[in-house]
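A.B. asks: Here is my input; please provide its structure:
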Amino acid sequence: MQNLAQQNTASISPKSQDIYGVIYLTTNHLNGKQYVGQTIKKGRDLEQYLGSGVALGRAFKKYGADNFTKEVLKECYTEEELNEAEIAFIKEHKTMRPFGYNIAEGGYKNPMKYMSAVEKQKFSIAVSEWSKAYYADPANRKANSERLKISHGTPEARKAQSERTKAQFADPEARKAMSESQKKRYADNPENRKAASERLKAFWADPEARKAMSEIKKAYYARKANKALY
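C.D. replies: So this is what the prediction gives:
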């Protein structure tokens, strides 16, 4: 009997439906550790993509991205198939830590569920430090901007991102962790509070920004009023 990672979707033909996303396997050739991930990137952007997990990102920094290769394990035609395949391949290749770079079982489930309080704190600090170092490089900021233009350039991609965001915020643990992270960020660093205040002042000083925000609020309350009628 075939396992889930080996199964094909018999009812969906590549000819009848576009590929939604792929499952890939990234391998560190210096220590043999691997990472299984999913992405909806396509074309050149997919070819250059090695993965974006936090543990994997640290490994890139430590060993150098040139020592990693990626192979596509499966093409998927729906978001559900993509999530199920990711879970199956993580099990099949045994890439959960400490044997690999996956820190969650896949399927866009919140990795913080699997962490202790100390691990969550280390995770948060690691993400923050990695982000600061990455975005301090103008070349990285430009490259990320170009990737976002490509990955969010279609209605399908924007819809997929919206669904992932909704799923993340539907998890009470994820909302709580994000809230605590923001509180700590501003409570522990007066400079962050000052910077945020300056950004808000600059935003509201712009007439166009105020007008745009006003239109957004009007549209929101109009939708809310319409829902109340039915």
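
A.B. asks: Report the residue spans of the chain with pLDDT below the cut-off.
C.D. replies: 1-17, 108-115, 148, 150-153, 168, 224-230 (pLDDT under 70).

A.B. asks: and it, what are its domains?
C.D. replies: For the chain, automatic domain parsing gives the domain ranges 4-188, 196-230.

A.B. asks: Comparing those domains, which comes out most buried?
C.D. replies: Most buried of the domains of the chain, by mean neighbour count (mean count of other Cβ atoms under 10 Å): domain 4-188, with a mean of 15. Quick note: C-beta positions are derived from backbone N, CA and C, even for glycine.

A.B. asks: helix or strand right after the one helix or strand residue 80 maps to?
C.D. replies: In this assignment (DSSP states H and E), residue 80 forms part of helix 79-93. As assigned by DSSP H and E, the chain's next helix or strand after helix 79-93 is helix 117-135.

A.B. asks: and that next one, how far from the chain's centre?
C.D. replies: 15 Å (Cα atoms, centre = their mean, to the nearest Å).

A.B. asks: Check stretch 208-227 too.
C.D. replies: Relative to the chain's own centre, stretch 208-227 is displaced by 29 Å; criterion: Cα atoms, centre = their mean.

A.B. asks: Closest to the centroid, which residue in this structure?
C.D. replies: The residue lying closest to the centre of the chain (Cα atoms, centre = their mean) is residue 52, at 7.6 Å.

A.B. asks: Now do the spatially closest residue to that residue that is not a sequence neighbour against residue 203, distance only.
C.D. replies: Leaving out its chain neighbours, the residue that sits closest to residue 52 by Cβ to Cβ, 6 or more residues apart in numbering is residue 37, at 7.4 Å. Here the criterion is Cβ to Cβ, to the nearest Å. By it, residue 37 lies 35 Å from residue 203.

A.B. asks: next one: phi and psi at the residue nearest to residue 52?
C.D. replies: Geometry field for residue 37 lists phi and psi as phi -140, psi 170, criterion degrees, to the nearest 10.

A.B. asks: helices or strands up against the longest helix along the chain?
C.D. replies: Ranked by residue count and defined by DSSP state H, the top helix of the chain is helix 207-228. Contact here means 3 or more Cβ pairs under 8 Å, 6 or more residues apart in numbering; DSSP states H and E; on that basis helix 207-228 packs against no helix or strand.
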